[in-house]
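Q: Provided below are the primary sequence and the corresponding predicted coordinates.
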Amino acid sequence: MRTRLSLVLALSVALCGSYVYAQFGAKPSVLSTIKVRDDLFVIYNDLVPGNTTVLVTNQGLILVDNKFEIDFDNLMAEIKKISPQPIRYVINTHYHGDHSGGNAKMQVQNAQVVASERARRKMVDANQPGPPNVTLENNVRLYLGGKRVEVHHFGRAHTDGDVVAYFPDQRVVAMGDMFTVGAGLPALVDYPGGGSMREWPRSIDGALTLDFDTAIPGHGKPVAKEDLRKYRDSVAALGRRVIEMQSKKASRAEIDKELRSRFGFEDFHIQLSLDGLLAELR
């Protein structure tokens, strides 16, 4: 059973990797920095890889996600523009390589990597470098330099190990790929990674109980809390629509067309998640 799971996860990672390299080439991304608060920044690039959030304290930095391994040097250069402090913690919002690819190199610099236990298991099963040193089942709090970050697992969504990082003093939440903003970034369920379209809206509901003003998506620029509410409703609408179409005996091709025209799916999203959606939402 474990061997089969490893093969499935390796295939999922391979699919993601093939798409990314076909679209962007095996080159580091061009990065820029968005200031969210005086002590909180997002290192951003268009589309892929995912965002990196940086909290500055007088005892070091806390990061949320760290892009692909190939982006490491550029990412570190951008971080040094923000602060000379060392990286103390890295929170992986989930196991995908565009959010966790810098783990091993940051661990060499004595950073502790934090993720859900489910995400860590998937990294280990897929032989990804730099599996987390610290894991959580439901939540954990990190304290550094008088500042606090809460890490919450609210349930299955994009994967079964998604976590969100909550910065209560800054009134900001970093959502990972539970929330994406922009064209070409629909709600993508990684079924080999344990994701669920049925449970995704409830997981966002959990995040919405937190007291914040700004949401940092896994991909895309920071937005207001109301935008996360709208995204939650669009995810729920997607699930309802697939259920409705299947109840009316719509064909796979008809559902494929609906996902593309109404919800922004492209070839990669169809390839990775359509069969899983049809099976889960019967």
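A: Perfect, I can see it now.

Q: Now do I243 against Q271, distance only.
A: I243 sits at a distance of 21 Å from Q271 (criterion: CB to CB, to the nearest Å). Heads up, the C-betas are built off the backbone N, CA and C, glycines and all.

Q: Would you mind telling me which of the two has the busier surroundings?
A: Neighbour count, other CB atoms under 10 Å: between I243 and Q271, I243 has more, with 16 against 13.

Q: what sits against the spatially closest residue to the more buried one that is not a sequence neighbour?
A: With CB to CB, 6 or more residues apart in numbering as the criterion, I243 has its nearest non-adjacent residue at 4.9 Å, and that residue is L281. Contact partners of L281, counting by CB atoms under 8 Å, 6 or more residues apart in numbering, are 197-198, 239, 242-243, 246.

Q: In helices, which of these fall?
A: Counting by DSSP state H, those place 239, 242-243, 246 in helices.

Q: quick one: which of those residues is most hemmed in?
A: Highest neighbour count within these: V242, with 22 neighbours (other CB under 10 Å).

Q: Now that residue: closest residue in space that isn't a chain neighbour?
A: The spatially closest residue to V242, leaving aside those adjacent along the chain, is L281, at 4.5 Å (CB to CB, 6+ apart).

Q: confidence score at that neighbour?
A: pLDDT recorded at L281 is 97.

Q: do the same with A10
A: Among the per-residue scores, A10 holds a pLDDT of 42.

Q: Also V54?
A: The predicted local distance difference test score for V54 is 99.

Q: Surely it touches D65?
A: No - using CB atoms under 8 Å, V54 makes no contact with D65, being 10.2 Å away.

Q: Those two: which is more packed in?
A: D65 (28 against 22).

Q: now the helices for the stretch 151-282 of the chain?
A: Under the criterion DSSP state H, counting those that start in this stretch, the stretch 151-282 of the chain contains helices at 200-208, 225-247, 252-263, 267-280.

Q: Of all these, which one is nearest K147?
A: When those are compared by CB to CB, helix 200-208 sits nearest K147, at 20.1 Å.

Q: Relative to F268, how far out is the residue nearest to V242?
A: For L281 relative to F268 (CB to CB), the value is 20 Å.

Q: again with L63
A: 27 Å.

Q: Which of those two has more residues huddled nearby?
A: The neighbour comparison of L63 against F268 (other CB under 10 Å) goes to L63, with 25 against 17.

Q: Is the more buried one part of a helix or strand, or is it coil?
A: When classified by DSSP: H, G, I helix; E, B strand; the rest coil, L63 comes out as strand.

Q: let's have the chain start at 868 instead
A: Got it, the first residue is 868 from now on, which makes the last one we talked about L930.

Q: can you count the residues close to the closest residue to it other than its chain neighbours?
A: Closest residue to L930 apart from its sequence neighbours, by CB to CB, 6+ apart: V957 at 4.6 Å. Neighbours of V957 under the rule other CB under 10 Å: 26.

Q: helix or strand for V957, which one?
A: In the assignment (DSSP states H and E), V957 maps to strand 954-958.

Q: isn't I954 right next to F939, touching?
A: No - contact criterion CB under 8 Å: I954 and F939 do not qualify, at 11.5 Å.

Q: that older thread, a markdown table please, covering the helices of the stretch 1018-1149 of the chain and showing distance to A978.
A: What follows is the helices of the stretch 1018-1149 of the chain, written out as a markdown table (distance: least, CB to CB, whole Å):
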| stretch | distance to A978 |
| --- | --- |
| helix 1067-1075 | 25 |
| helix 1092-1114 | 28 |
| helix 1119-1130 | 37 |
| helix 1134-1147 | 30 |
